[in-house]
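*Asks:* please find the sequence and the predicted model below.
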Amino acid sequence: MTNMEITLTCSECGSGIHIKPTKDATEAKCQVCENLMPISFNDEHLEGRLKTCPSCSRMDFYKQKDFNRKIGVGLFVFGAISVLVFEIIGVGFPWNYSVFLGLAALDILLYFFVPMVVACYKCNTLFRNVANIEDIHGFNHEMHDRIVYSDHDFKGEQLDH
């Protein structure tokens, strides 16, 4: 058994549905709107290896840091507003840019301590504690656009030019 954790995105309300792979699971229930989403786990999922998505059956994944983007944008906005306020009240260099230096230091710390998460290009399902995460590539904008907007299936192959 594995400790892989899966977060599906509800197709009705967009809420996260947190589940762990089990052999007999065939659907996941949204706790917000009670929508039932079909899922299908195989032996690889139970071992923590990711080859196919249990939600959409696709094989196209990417990995990224498991960090909330809203918090990241909020930190950037905080830094920008702080510099603007320091400029307005007449506090000069180095105080107006010390906020950015502090945020850069925080960013470096987060880079080293925030774990990786794997996401499905097609259905945005998130996978944590994936055993074969080193086999999964980072985000590719062209693959994303071709999968989302043209329903292209790369069948797990990385797009390289």
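*Replies:* Received the coordinates, thanks.
*Asks:* drop to CA atoms for contacts and neighbour counts, all remaining ones
*Replies:* Noted.
*Asks:* okay, and residue 146 sits in which element?
*Replies:* Under DSSP states H and E, the secondary-structure element containing residue 146 is helix 141-150.
*Asks:* what comes up buried for that helix?
*Replies:* The neighbour-count criterion (16 or more other Cα atoms under 10 Å) identifies 143-144, 147 as the buried residues of helix 141-150.
*Asks:* repeat that for stretch 33-49.
*Replies:* For stretch 33-49, burial by neighbour count (16+ other Cα under 10 Å) applies to 37, 39-42, 45-49.
*Asks:* can you tell me what sits against that stretch?
*Replies:* When contacts are defined by Cα atoms under 8 Å, 6 or more residues apart in numbering, stretch 33-49 is touched by residues 1-4, 10-13, 21-23, 25-30, 50-51, 54-56, 129-132.
*Asks:* rerun at 7 Å
*Replies:* For stretch 33-49, the external contacting residues (Cα atoms under 7 Å, 6 or more residues apart in numbering) are 1-4, 12-13, 21-23, 25-30, 50, 54-55, 130-132.
*Asks:* one more: stretch 53-64?
*Replies:* Outside stretch 53-64, the residues within contact range by Cα under 7 Å, 6+ apart are 38-41, 51-52, 116-121, 123, 136-139, 154-156.
*Asks:* where in the protein is pLDDT low?
*Replies:* Residue ranges of the chain with pLDDT under 70: 1-2, 92-93, 95-96, 161.
*Asks:* tell me where it has helices.
*Replies:* 43-46, 69-88, 95-113, 141-150 (DSSP state H).
*Asks:* deepest of those helices, which one?
*Replies:* helix 43-46 (a mean of 17; mean count of other Cα atoms under 10 Å).
*Asks:* from the chain's centroid, how far away is it?
*Replies:* Computed by Cα atoms, centre = their mean, to the nearest Å, the chain-centroid distance of helix 43-46 equals 21 Å.
*Asks:* for stretch 129-142, same thing?
*Replies:* Centre-to-centre, stretch 129-142 and its host chain are 11 Å apart (Cα atoms, centre = their mean).
*Asks:* how close does residue 15 sit to residue 37?
*Replies:* Residue 15 is 12 Å from residue 37, where distance means Cα to Cα, to the nearest Å.
*Asks:* sorry, that was for residue 140
*Replies:* According to Cα to Cα, residue 140 stands 27 Å off from residue 37.
*Asks:* ok so, going back, in PyMOL, how would I select the buried members of the contacts of stretch 53-64?
*Replies:* Buried members of these, defined by 16+ other Cα under 10 Å, are picked up in PyMOL with:
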select buried, resi 39+40+41+51+52+116+117+118+119+120+121+123+136
